[in-house]
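A.B. asks: Pasting the sequence and the predicted coordinates here, then a few questions.
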Amino acid sequence: MYPIEEFLNRTERVHLLMAPTPLHTLAGFSEYEEGKIYIKRDDMTGIGPGGNKVRSLEYILGEAVNQGCCKILTAGPVQSNLCTLTAAACARLGLDCELVHNGREPEKKEGNLLLNYILGVKSHFLGDCSSEERNAYTESLAKTYEQKGISTYVVRNGATTGRGALGYTAAIREMKKQCEEMGIENMTIFAPGGNGGVAAGLIYGNELLGSPFHIVIISVEDKKEILTAHIRDTIRETEAITGIKMKTTVEEAAEISDQYRGSGWGIDTAESIEEIFAFARTEGIFIENVYNSKVVVGMKDWMRSKRIKGPVCYLHTGGFGSLFAQY
């Protein structure tokens, strides 16, 4: 057993995930002749509308429960997937949850806001302000509750923390076992890079479990240098928690591309818009336009240009709820 497996087995965690999530082939990639194309269905994680944050929340809320916290605060944009999944996870665990949004409350509840309403979670709408102002308000709110004797835990930085990254460290272990059972070798995983939490967990877990996969991270927001720095910082946080360090650099352990990010987070490219419709009409699976569509665009380009060989896997990180407010 690898040391990281021993750590994952003993660290505090709440069980939210319907694991393992499916790993199956895709139908619409007949032009790729180098191997089979798979999808890892982390849009089917079993809580709320599903998505990658459930894996992170298992470890983050595990720490909160271990500390005896009864109120959970998290913050994000109005259509934040993290906010909705945190609210759903807290409902499952019997924890009180409040959400903080930098945005105005719309007259009509759509997408994740409708789901938040159904979940009955309290939401704070701060109007037009920066993410820094939003986060400062969240910390102030936490202090207010603490002063009232209510033990409060803040889910920080979009769940991109060293502890949150453990969710995708564990996901590598899960995928490694699935591939062994299915007889798949030398698979390349394509995954999104936003603020770097998923990427950090994948890269860290892959190396510490013997590098069974080739990892390609497609930036959906920042230039390569900025995303790489985010990933590196998160991995350092994870190393501080586990006491187990990577032996290689992030650049050596994965390939990171900013070629498909367009103008950044939440801003479509012509190719990503096309892919949302093409993927649904070919696979019967919905992807959204902030993270997933740009990853599929990048993956297809790498396949067509023969930059990779062998089996390929697209990591679907969810976000289905926000799709209803994107069109």
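C.D. replies: Okay, I see it.

A.B. asks: Which parts of the stretch 201-327 of the chain are helices?
C.D. replies: With DSSP state H, counting those that start in this stretch, the ranges of helices along the stretch 201-327 of the chain come out as 224-242, 250-253, 270-283, 292-304, 320-323.

A.B. asks: Now render those as CSV, adding distance to residue 63 and mean pLDDT.
C.D. replies: Just so you know, the C-beta spots here come from the backbone N, C-alpha and C atoms, and that holds for glycine as well. As requested, these are exported to CSV (distance: least, CB to CB, whole Å; pLDDT from 0 to 100):
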stretch, distance to residue 63, mean pLDDT
helix 224-242, 10, 98
helix 250-253, 25, 98
helix 270-283, 35, 93
helix 292-304, 28, 95
helix 320-323, 25, 78
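
A.B. asks: Of all the ones you listed, which one comes closest to residue 134?
C.D. replies: helix 320-323 (17.5 Å; CB to CB).

A.B. asks: just how off-centre is the closest one within its chain?
C.D. replies: Centre-to-centre, helix 320-323 and its host chain are 14 Å apart (CA atoms, centre = their mean, to the nearest Å).

A.B. asks: for residue 40, what are its contacts?
C.D. replies: Residue 40 makes contact with 21-23, 175, 189, 313-316, according to CB atoms under 8 Å, 6 or more residues apart in numbering.

A.B. asks: Write a PyMOL command that selects only the buried members of these.
C.D. replies: Restricted to buried positions by 16 or more other CB atoms under 10 Å, the PyMOL selection for those reads:
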select buried, resi 21+23+175+189+313+314+315+316
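
A.B. asks: Now the two most distant members of the contacts of residue 40.
C.D. replies: 22 and 189 (15.0 Å).

A.B. asks: Strands of the protein, residue ranges please.
C.D. replies: Under the criterion DSSP state E, the chain contains strands at 23-25, 37-41, 71-76, 96-101, 122-125, 152-155, 188-193, 214-219, 255-257, 312-316.

A.B. asks: now these in CSV, with distance to residue 181 and mean pLDDT?
C.D. replies: Putting those into CSV (distance: least, CB to CB, whole Å; pLDDT from 0 to 100) gives the following:
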stretch, distance to residue 181, mean pLDDT
strand 23-25, 10, 96
strand 37-41, 13, 97
strand 71-76, 35, 97
strand 96-101, 36, 98
strand 122-125, 42, 98
strand 152-155, 33, 98
strand 188-193, 17, 98
strand 214-219, 20, 98
strand 255-257, 27, 98
strand 312-316, 15, 97
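
A.B. asks: Pipe those strands into JSON lines and attach distance to residue 271 per row.
C.D. replies: Listed next are the strands of the chain as JSON lines, based on distance: least, CB to CB, whole Å:
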{"stretch": "strand 23-25", "distance to residue 271": "23"}
{"stretch": "strand 37-41", "distance to residue 271": "18"}
{"stretch": "strand 71-76", "distance to residue 271": "26"}
{"stretch": "strand 96-101", "distance to residue 271": "30"}
{"stretch": "strand 122-125", "distance to residue 271": "33"}
{"stretch": "strand 152-155", "distance to residue 271": "33"}
{"stretch": "strand 188-193", "distance to residue 271": "15"}
{"stretch": "strand 214-219", "distance to residue 271": "12"}
{"stretch": "strand 255-257", "distance to residue 271": "14"}
{"stretch": "strand 312-316", "distance to residue 271": "15"}
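
A.B. asks: Cheers, nothing more for now.
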